[in-house]
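A.B. asks: got a predicted structure here, sequence first:
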Amino acid sequence: MDMTQKGLDREATQAQATPLVPAVDIWEDAQGITLEADMPGVAKDNLSIGIDGDTLTLEGTVALGEPAKMQDVYAEVRVAQYRRSFTLSRDLDRDRIEAHLANGVLTLRIPKTEAAKPRRIEVKA
């Protein structure tokens with residue numbers, strides 16, 4: 001193995017150790033926020049969504065499914081690991097989060113607490 005190949009092997013190992021950051025779109029309406037994260041190749045069983053305090057964490061693993069009888073000569077990607085964290089506002093209801101995964105897109109709907117929702121005050125004459 002030449003020095004170039006050793007350098008590539010080192011870079012490949014470092015790339016595997018660093019989780020991928022999924023692209024995310026977030027929008028807000030009067031009822032809450034919707035978050036969409038691109039996590040292609042992640043199955044429902046390999047997806048983890050957690051809340052610790054005010055931190056929402058998304059994690060997902062993609063297994064590439066190498067055939068058992070084949071041996072790698074060189075591989076830059078074996079398993080892709082997605083990871084992204086967000087700080088949640090106290091105006092969001094953590095107990096009513098809904099998650100849906102379809103076609104590699106994770107959609108989270110996080111409603112606002114009743115106190116944080118806009119409301120109209122009736123004026124009496």
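C.D. replies: Noted; the coordinates are in hand.
A.B. asks: now do the contacts for the residue nearest to Ala23 when sequence neighbours are not counted.
C.D. replies: Using C-beta to C-beta, 6 or more residues apart in numbering and skipping the chain neighbours, the partner closest in space to Ala23 is Asp38 (4.6 Å). Backbone N, C-alpha and C define where each C-beta goes, glycine included. The contact partners of Asp38, taken as C-beta atoms under 8 Å, 6 or more residues apart in numbering, are Pro22, Ala23, Val24, Gly104, Val105.
A.B. asks: for the chain, what spans make up the strands?
C.D. replies: 24-29, 32-38, 47-52, 55-63, 79-87, 98-102, 105-111 (DSSP state E).
A.B. asks: want to try CSV for these, with distance to Arg120 and mean pLDDT as columns?
C.D. replies: Putting the strands of the chain into CSV (distance: least, C-beta to C-beta, whole Å; pLDDT from 0 to 100) gives the following:
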stretch, distance to Arg120, mean pLDDT
strand 24-29, 16, 96
strand 32-38, 18, 97
strand 47-52, 31, 96
strand 55-63, 30, 92
strand 79-87, 30, 90
strand 98-102, 26, 97
strand 105-111, 19, 97
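A.B. asks: how about those, which one is nearest Lys69?
C.D. replies: Distance to Lys69, taken as C-beta to C-beta, is lowest for strand 55-63 among the strands of the chain, at 17.1 Å.
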